[in-house]
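Student: My questions are about this predicted structure, shown below with the sequence.
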Amino acid sequence: MKRPEDEALIDEFVDAIWLAEQLATHTVNSYRLDLGIWADWLNESGIALLAASRDDVQAFLARQARTLKAATLARRLASLRKFYRHWQQMERIGDDPTETLRSPRRVRPLPKALTEDQIGALLAAPDVGSAAGLRDRAMLELMYATGMRVSELVALGSDALHLGDGYLAVLHGKGDKQRLVPVGEVAQDWLKRYLNEARALLVAGRFAPTVFVNQRGEPMTRQGAWYVIKQYAVESGIDAAKLSPHVLRHAFATHLLDHGADLRIVQSLLGHADIGTTQIYTHVARARLRALHRYHPRQKS
């Protein structure tokens, strides 16, 4: 149970910020919930809200961390921080007990990488007997072989193709930075087949500046390319929950690391400015290795 004076402080604080910041009802309710839980926890030790110390806040957060996700814990600390800054500004307290505390680090979700067998089924799904199917196979093969973003794929112009030398010049980022991306022989073969056998049928004499076009001969859009990926993934029996426009990009990076590629090389191929962005894929690779290791004969069953 909260002390009556603590309850009054929470009410006064919530009313003040609601009026000053025109907060939505759910935001106000979140503040009230977080502060109520905090006040109840303090009251178990006979501590008033405005008498709480930094150690009290740390102990509270440590207890909460046993059951809460990092995002919820961060919100709870944010509520406490707002509360104590308010009363510090009102000169009701001297020191803010939350001032030097850092918010809990939010764990970035791991990319949902498909297995190599799933990728094989996905790549084999298009009917290459049709012009659209041959285009789709070339698109899928190219994305998996290079780790290109969907936006990079649909923006690809014929001047970016250097198939004789086995690479593409891909534009990425706000400043249209260029990176050179090697293309494997299998993906090259499918791309050449599309260019030689299918693209002219789809374009039908019209001008199209991009390599990949839709069935009206117009440049393929991001939405159109994503529809292609999703369509064939579902046909291949892949769980829709594992799908995103970056599904082939994630698989490209994870499978390279699974097979021993250097992280810096993968960073370069993906076009990541910060290697920290690439390191998320190492967690996927390590998780898969741990799962496989259970088959080792010296592993406990």
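Tutor: Sure thing, it's come through.
Student: those helices in the stretch 1-150 of the chain, which residues are they?
Tutor: Secondary structure of the stretch 1-150 of the chain (DSSP state H, counting those that start in this stretch): helices at 4-21, 25-43, 54-64, 70-89, 116-123, 131-146, 150-154.
Student: relative to helix 4-21, how tilted is the longest one?
Tutor: With axes from the mean of the first three to the mean of the last three C-alpha atoms, to 10 degrees applied, the angle from helix 70-89 to helix 4-21 works out at 90 degrees.
Student: returning to what we had before: highest average neighbour count across the helices of the stretch 1-150 of the chain: which stretch is it?
Tutor: Looking across the helices of the stretch 1-150 of the chain with neighbours counted as mean count of other C-beta atoms under 10 Å, the highest average goes to helix 131-146: a mean of 23. Where C-beta positions appear, they are placed from N, C-alpha and C, glycine not excepted.
Student: circling back to that earlier point, let me have the helices of the stretch 1-150 of the chain in CSV, adding mean pLDDT and distance to residue 163 as columns.
Tutor: Below are those laid out as CSV (pLDDT from 0 to 100; distance: least, C-beta to C-beta, whole Å):
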stretch, mean pLDDT, distance to residue 163
helix 4-21, 89, 58
helix 25-43, 92, 55
helix 54-64, 89, 56
helix 70-89, 92, 46
helix 116-123, 92, 19
helix 131-146, 94, 11
helix 150-154, 91, 15
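Student: Looking at these, which is nearest to residue 214?
Tutor: Nearest of the helices of the stretch 1-150 of the chain to residue 214, taken as C-beta to C-beta: helix 131-146 at 8.6 Å.
Student: need the helices of the stretch 1-150 of the chain in JSON lines with distance to residue 216, can you?
Tutor: Conversion of these to JSON lines gives the following (distance: least, C-beta to C-beta, whole Å):
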{"stretch": "helix 4-21", "distance to residue 216": "50"}
{"stretch": "helix 25-43", "distance to residue 216": "45"}
{"stretch": "helix 54-64", "distance to residue 216": "56"}
{"stretch": "helix 70-89", "distance to residue 216": "44"}
{"stretch": "helix 116-123", "distance to residue 216": "25"}
{"stretch": "helix 131-146", "distance to residue 216": "11"}
{"stretch": "helix 150-154", "distance to residue 216": "15"}
